[in-house]
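In: Please find the sequence and the predicted model below.
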Amino acid sequence: MKTVIGLFNNLGDATSTFGDFARLGLSADKVGLLSSAQGASSSAGMNPLDLPEIGRAAANSPMIGWLKSPGGISGALGRLGVSKGDAVHIIETLRRGGTLEAVVVDDGKEADAQAIMRARSARYEDTDDLVIPIVQEELEVGKRVVESGGVRVSTRVRAVPVEKTVTVREERITVERRTLDRPIGDRDRAFEDHAYELKASAEEPFVTKRSHVVEEIRVHKDASEHEEKIQDRLRRTNVDVSEIPGYRGSKNN
């Protein structure tokens, strides 16, 4: 099995090969497409995705599986035998809205598939163009939340001795015997057995405890804003163009 790739200026040129591939016995769902053309993501069978090497693009299912291999587009092209120079040209064409097409064919149909690709593709082989990417860094400043200190409040319970004076009442019983000489009255109930009781009482202190809030500690945060200057160095590719003098032989007089 061989993988044949083609590079096209737009998505329409790439899909125009489907009829020719069908005559080779290859259905459209076997042809991988990757395009950064405007509106490619809304085309049938194309799914939007972001690629570090070309940015926003769209690809169909066969191509998405092909791009899952390590190294992204550059790694996949390298494994297919594409030189680094040609890979740079392919990626640059994709950045400008081009389309990459890939199809797996039997060894005997490789030449026919290549002919179909070449008939409509923007060929990258044997190009005379020298593509020099100009790379420039941009500074992006974000914000993240970090801990800047705080307060830890701990509580502990301790017992404090207290003393309080209370007055208590206590009764005592005394027996007093007096000598009398008076006539017996009705209340005396003479010559009957009786039992009499008189009880004394005494107060004793007891303790109950009641808990109630007497104070509270409130901890809160105050926020403020200030400006900070971020300083860094950004890199950019500078290109110096100079002429190379040609050799012109001198004539003898």
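Out: Structure's in. What do you need? Just so it is clear, the structure is predicted and the values come from calculations on it, not from any experiment. Numbering: from 1, shown residues only.
In: Helices along this protein, start to end?
Out: Taking DSSP state H as the criterion, the chain contains helices spanning 11-15, 18-23, 61-67, 72-79, 84-95, 110-120.
In: Tell me which of those helices approaches residue 242 most closely.
Out: helix 84-95 (22.2 Å; CB to CB). For glycine as for every other residue, the C-beta is placed from the backbone atoms N, C-alpha and C.
In: The closest one - what's its average pLDDT?
Out: Averaged across helix 84-95, pLDDT comes to 85.
In: how about it: buried residues?
Out: Neighbour counts using 16 or more other CB atoms under 10 Å place 86-94 of helix 84-95 among the buried residues.
In: what's the answer for stretch 31-50, then?
Out: Buried residues in stretch 31-50 (16+ other CB under 10 Å): 31-37, 40-41, 43, 46.
In: Closest one to residue 240 out of those, please.
Out: residue 36 (30.2 Å).
In: Can you tell me the centre-most residue of the protein?
Out: Central residue of the chain (CA atoms, centre = their mean): residue 144, 12.4 Å from the mean position.
In: any idea how far residue 5 lies from residue 50?
Out: Applying CB to CB, to the nearest Å, the value for residue 5 to residue 50 is 22 Å.
In: which stretches of the stretch 1-150 of the chain have low pLDDT?
Out: The stretch 1-150 of the chain contains residues with pLDDT under 70 at 69, 122-134.
In: Wait, residue 87 touches residue 72, no?
Out: No: taking contacts as CB atoms under 8 Å, residue 87 lies outside contact range of residue 72: 10.7 Å.
In: Identify the residues contacting residue 3.
Out: 80, 102-105 (CB atoms under 8 Å, 6 or more residues apart in numbering).
In: Please report the distance of the closest residue to residue 66 other than its chain neighbours from residue 102.
Out: Distances taken as CB to CB, 6 or more residues apart in numbering place residue 32 nearest to residue 66, at 5.3 Å, with adjacent residues excluded. Here the criterion is CB to CB. By it, residue 32 lies 4 Å from residue 102.
In: Identify the contacts common to those two.
Out: By CB under 8 Å, 6+ apart, the residues touching both residue 32 and residue 102 are 62-63, 66.
In: Fine by me, thanks again.
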